[in-house]
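**Student:** With the input below, show me the fold.
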Amino acid sequence: MLRNCARCGSNFGAAGREYLCSACREPRIQVPLRSAQLSTRERQIVRLIQQAKANKEIAFELCLTVGTVKEYMYRIFRKVGVQNRTALALWASENLSAEF
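**Tutor:** Presented below is the predicted three-dimensional model:
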């Protein structure tokens, strides 16, 4: 059966209930980005995480909601290629300049 890939839109031969072509099924390699690609607000949040602040404390200090802080955290984790706050703090100590 001929189908369109849900991700890239190309036609491919599907066997059963497949929705992605073989190229889109391959895992994408995530390369960690450099600190210059973090926005100023994201760098502020990373610095507060390095100080072991909780999301609630970060939200209060930056005049944001806790939900907004969580969204920033999610984006930062994806950009940097880490999965938790501790790994982010270690990454920041190695990659972010001390001037900020």
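
**Student:** Regarding the residue nearest in space to the middle of the chain, what is its secondary structure?
**Tutor:** Centroid-nearest residue in the chain: residue 78, 1.5 Å away (criterion: CA atoms, centre = their mean). Under DSSP: H, G, I helix; E, B strand; the rest coil, residue 78 falls in the helix class.

**Student:** any weak-confidence spans in the protein?
**Tutor:** Across the chain, the ranges flagged by pLDDT under 70 are 27-36, 97-100.

**Student:** mind listing the helices for it?
**Tutor:** Counting by DSSP state H, the chain has helices at residues 22-25, 40-50, 55-62, 66-80, 85-95.

**Student:** Dump those helices to CSV, plus distance to residue 10.
**Tutor:** Heads up, the C-betas are built off the backbone N, CA and C, glycines and all. CSV is the format used below for the helices of the chain (distance: least, CB to CB, whole Å):
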stretch, distance to residue 10
helix 22-25, 8
helix 40-50, 34
helix 55-62, 41
helix 66-80, 26
helix 85-95, 36
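
**Student:** what's the burial count for residue 64?
**Tutor:** The number of residues packed near residue 64 is 17, by other CB atoms under 10 Å.

**Student:** Once you drop chain neighbours, what's closest to it?
**Tutor:** Excluding its sequence neighbours, the residue lying closest to residue 64 (CB to CB, 6 or more residues apart in numbering) is residue 58, at 7.5 Å.

**Student:** what residues are up against the one you found?
**Tutor:** Contacts here follow CB atoms under 8 Å, 6 or more residues apart in numbering; on that basis residue 58 touches 45, 48, 49, 64, 69.

**Student:** and which of those is nearest to residue 3?
**Tutor:** Within the contacts of residue 58, distances to residue 3 taken as CB to CB reach their minimum at residue 69, with 40.5 Å.

**Student:** In this model residue 45 seems to touch the closest one, though I could be wrong.
**Tutor:** Yes: counting by CB atoms under 8 Å, residue 45 is a contact partner of residue 69 at 6.8 Å.
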